[in-house]
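**Q** Okay, here's the prediction I keep looking at, along with the sequence it came from:
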Amino acid sequence: MDVQLSELIEKIKTEGVTSAREEADKVLQDARRRKDEILKEAGQEANRIREAAKEEASRMEASGRAALEQAARDLILKVRQSIQNISESILNQKTGDALSGEGLEKIILAALEKWDGTEGDLSLLLSEKDAQELGKKLTGQLASRFGEGVEIKPFPAIKAGFRIGTKEGGSYYDFSAAEIAEMLSRLVNPQLAKIVEAAAKES
């Protein structure tokens, strides 16, 4: 009886140990499998985060480059506009200086050499200052050529230079400093723009 009981206890112990060992092995396998799954998921997540970071860095770099290029373009345009403004100011000043005093008188007389009077009686418009200083002298000189059909008067819109036209106002030729400076500016500004663009490409 004692032998049987002892064998039974030994059998139960052996089966319990075996069962516990099998259960432990199963738990250990599950733990290893779960560990592998967690490591795989963590690796995938790390890759996803890394790719997202790369994309964000690329996007920010592209955005920064685009902003820098736009700022450079804006600066070039501002510089070009400033140069054009300076050139226009210089042209206006120099043209105004050239179209005053004796120089203005000579230019007016030269411009009227081809005027034959067929377009009508002559009207010469000057700045208020030039009309006062040159009006009488020019009236005498022009009257000898055109008779009484000459009118010289001030025109507030003219700061320097002159306008030639008919008394009726049908047509006129504008030799005012502003008009001449604008014509010169249209010629000069494209050249200045090319110079600025070429300098920008070289830098």
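**A** Everything's here; your move. Numbers count the residues shown, from 1 in each chain.
**Q** Count the neighbours of Ile104 for me.
**A** Quick fix: residue 104 is Leu, not Ile. Other residues lying near Leu104 total 22 when counted by other C-beta atoms under 10 Å. All C-beta spots, glycine's among them, are computed from the backbone N, C-alpha and C.
**Q** For the one helix or strand it maps to, which residues meet the burial criterion?
**A** Take DSSP states H and E as the rule and Leu104 turns out to sit in helix 101-111. Neighbour-count burial for helix 101-111, counted by 16 or more other C-beta atoms under 10 Å, picks out Leu104, Glu105, Ile108.
**Q** Can I get these in a markdown table including distance to Glu179 and pLDDT?
**A** Formatted as a markdown table, the buried residues of helix 101-111 follow (distance: C-beta to C-beta, whole Å; pLDDT from 0 to 100):
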| residue | distance to Glu179 | pLDDT |
| --- | --- | --- |
| Leu104 | 14 | 82 |
| Glu105 | 19 | 81 |
| Ile108 | 15 | 81 |
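**Q** Return the list of helices and strands in contact with the helix holding Leu104.
**A** Contact partners of helix 101-111 among helices and strands, from 3 or more C-beta pairs under 8 Å, 6 or more residues apart in numbering; DSSP states H and E: helix 128-146, strand 161-166, strand 172-176.
**Q** so which of these gets nearest Arg21?
**A** Arg21 lies closest, by C-beta to C-beta, to one member of these: strand 172-176, at 111.9 Å.
**Q** could you say what helices and strands the closest one packs with?
**A** Against strand 172-176 (3+ C-beta pairs under 8 Å, 6+ apart) you get helix 101-111, strand 161-166.
**Q** hmm, back to that, could you dump the helices and strands packed on helix 101-111 to TSV with mean pLDDT?
**A** Below are those laid out as TSV (pLDDT from 0 to 100):
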stretch	mean pLDDT
helix 128-146	80
strand 161-166	79
strand 172-176	76
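**Q** Need the winner for burial among the ones you listed.
**A** Among these, strand 161-166 has the highest mean neighbour count (mean count of other C-beta atoms under 10 Å), at a mean of 20.
**Q** partner strands of that strand, parallel or antiparallel?
**A** strand 122-126 (antiparallel), strand 172-176 (antiparallel) (DSSP bridges).
**Q** could those strands be laid out in CSV, adding distance to Arg145?
**A** Output for the strands paired with strand 161-166, formatted as CSV (distance: least, C-beta to C-beta, whole Å):
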stretch, distance to Arg145
strand 122-126, 9
strand 172-176, 17
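**Q** Report the central residue of this protein.
**A** The centre of the chain sits closest to Asp74, judged by C-alpha atoms, centre = their mean, with a distance of 3.7 Å.
**Q** Summarise which helices and strands the helix or strand in which that residue is found is packed against.
**A** Using DSSP H and E, Asp74 sits within helix 2-98. Other elements packing on helix 2-98 under the criterion 3+ C-beta pairs under 8 Å, 6+ apart are helix 177-202.
**Q** quick one: average pLDDT of the helix it packs on?
**A** For helix 177-202, the mean per-residue pLDDT is 69.
**Q** Next: stretch 45-64.
**A** 83.
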